[in-house]
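[1] Predicted model and sequence below, questions to follow.
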Amino acid sequence: MGCDGGTIPKRHELVKGPKKVEKVDKNAELVAQWNYCTLSQEILRRPIVACELGRLYNKDAIIEFLLDKSSEKALGKAASHIKSIKNVTELRLSDNPAWEGDKGNTKGDKHDDLQRARFICPVVGLEMNGRHRFCFLRCCGCVFSERALKEIKAEVCHTVSL
């Protein structure tokens, strides 16, 4: 710090600036929104429901949340706008034939491709991995990509009633 033959420290060498704020990886955040329940933070499994804000939930997590109002949970504010089961819509999702899931992952050394999604758009074939916007029809719960909904230009379900 000086006194060793003429070296004079600069201000930036002596004063430490504010620490840089760590940025959240957008891709990881999108993958989490499409693969995990917003309320319970568990992996999404059927039946999957969505609220009017577009958040995805496991149906059993929503039912437990609605029945157990006594304990205030930390994640309860993520679903505080849901007052009854009528505020959510059960989604009719199309499975992705290219998705392998946990098949062959017995040792735990398999690489998971985060861009592969469990579900796809039945019209266009886009994967629901967070890169593309998806919409669902409140009347029937069918899920389409925004691109497919623009091509169809109708808000009526085109699938045969089951």
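    Cool, the structure landed. Numbers count the residues shown, from 1 in each chain.

[2] Walk me through the domains of the protein.
    In the assignment given by the TED database, the structural domains of the chain cover 25-91, 118-161.

[3] Which one of the ones you listed lies nearest to residue 100?
    With respect to residue 100, and counting by C-beta to C-beta, the nearest of the domains of the chain is domain 118-161 at 10.0 Å. Every residue, glycine included, has its C-beta placed from N, CA and C.

[4] Run the chain-centre distance for that closest one.
    Between the centre of domain 118-161 and the centre of its host chain there is 16 Å, according to C-alpha atoms, centre = their mean, to the nearest Å.

[5] List the buried residues of stretch 45-54.
    48, 49, 50, 51 (16 or more other C-beta atoms under 10 Å).

[6] Tell me the one of the residues you listed nearest residue 95?
    In terms of C-beta to C-beta, no member of these lies closer to residue 95 than residue 48, at 12.1 Å.

[7] doesn't residue 56 make contact with the closest one?
    Yes - with the criterion set as C-beta atoms under 8 Å, residue 48 and residue 56 qualify as a contacting pair; they are 5.9 Å apart.

[8] Ends of stretch 32-48, what's the gap?
    15 Å (C-alpha to C-alpha, to the nearest Å).

[9] ok, how many other residues are close to residue 38?
    Residue 38 sits with 21 neighbouring residues when counted by other C-beta atoms under 10 Å.

[10] Does it touch residue 53 like I think?
    No - counting by C-beta under 8 Å, residue 38 sits too far from residue 53 to count as a contact (9.2 Å).

[11] follow-up on the earlier one: which of the domains of the chain sits closest to residue 98?
    Between residue 98 and the domains of the chain, the tightest spacing by C-beta to C-beta is seen for domain 118-161, at 8.1 Å.

[12] what pLDDT, on average, does that closest one get?
    Along domain 118-161, the predicted confidence averages to a pLDDT of 81.

[13] which residues in this structure form helices?
    Assigned by DSSP state H, the chain shows helices spanning 11-14, 26-35, 59-67, 146-152.

[14] just for the protein, where's the confidence low?
    Judged against pLDDT under 70, the low-scoring parts of the chain cover residues 1-5, 69-76, 101-115, 153-162.

[15] residue closest to the middle of it?
    Taking C-alpha atoms, centre = their mean as the criterion, residue 33 is the residue nearest the geometric centre of the chain, at 1.1 Å.

[16] I'd like to check which residues are in contact with residue 20.
    By C-beta atoms under 8 Å, 6 or more residues apart in numbering, the contact set of residue 20 is empty.
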